[in-house]
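*Asks:* 3D model of this:
(one chain, ligands or ions: 2)
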Amino acid sequence: MPRSASSLLALGLLPFALTACGSAEEPTLDDGAVGEAEQAVCTPNMSVTFGTADNFAGGPDPLPYAPTAMPEFVNYLAANSIPVSQLKTLDDATSNRHTVATLRHGLRSCFTQTPFCTLTLCAYSRALPTTPQNDTITVHDTDFGTYSFPIIASTAVAPALTPTWNPGQTAFLCMPLPITAVGDMLQFRMQNESMVDFIRINLNC
Ligand SMILES: [Ca+2]
Ligand SMILES: [Ca+2]
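*Replies:* Ligands and ions are numbered 1, 2, ... in the order given. This is a model prediction of the structure:
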């Protein structure tokens, strides 16, 4: 085995290297429905969905690390004055909590056509009492083994993603992501008086 492959194997990354996009043997995107897809089949227009599109029915939706996010990110938030007691997962109607989710999108090997591809993150969301008007969606990048969580996008829900955001409103909120800054995973955080039914990442080339 070449040294490079051996090194990758030691890091646990070789399966990714050997299952580059385009392989007909790869599983379908159904695996991404719960956010655990490790490698996607690359097509010009594709999406990965995290959580269940069940109109906020609860359950809660299956997500890795629910009801919070990956432990390193939870620790990062705690160090930035957002304790775990203020976190929640999808379909949770509790006000004054941050919805968090770790998104293992599996799309990284599909980014080779950048800058011709665009990446968009959408969250089907509902505004909760009492002051959702000032809520924001923040997206952090994460690479395997490097847990520094730089913010790559942060947007006020209103008016950037929807003209208004008042209690009871529901909308599919979509924001562009800087594709060249996106690595292996993303961390989603929406604060703090909104709930999220599911999250979808769209790649268009
Ligand atoms: Ca708020
Ligand atoms: Ca849901």
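*Asks:* CA atoms for contacts and neighbours, from now on please.
*Replies:* Noted.
*Asks:* work out for me the element the residue lying closest to Ala123 once chain neighbours are set aside sits within.
*Replies:* Distance criterion Cα to Cα, 6 or more residues apart in numbering; nearest residue to Ala123, sequence neighbours excluded, is Ile199 at 4.4 Å. Element membership for Ile199, per DSSP states H and E: strand 194-204.
*Asks:* contacts only, for Thr180.
*Replies:* For Thr180, the residues meeting the contact criterion (Cα atoms under 8 Å, 6 or more residues apart in numbering) are Phe111, Thr114, Pro115.
*Asks:* from the residues you listed, list the buried ones, please.
*Replies:* When the contacts of Thr180 are checked for burial by 16 or more other Cα atoms under 10 Å, the buried set is Phe111.
*Asks:* would you list the contacts of Thr180 in TSV and tack on secondary structure, distance to His140 and pLDDT?
*Replies:* Written out in TSV, the entries for these read as follows (DSSP: H, G, I helix; E, B strand; the rest coil; distance: Cα to Cα, whole Å; pLDDT from 0 to 100):
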residue	secondary structure	distance to His140	pLDDT
Phe111	helix	18	88
Thr114	coil	20	73
Pro115	coil	20	76
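*Asks:* surely Ala93 touches Asn192?
*Replies:* No - the pair formed by Ala93 and Asn192 falls short of the contact definition of Cα atoms under 8 Å, at 10.6 Å.
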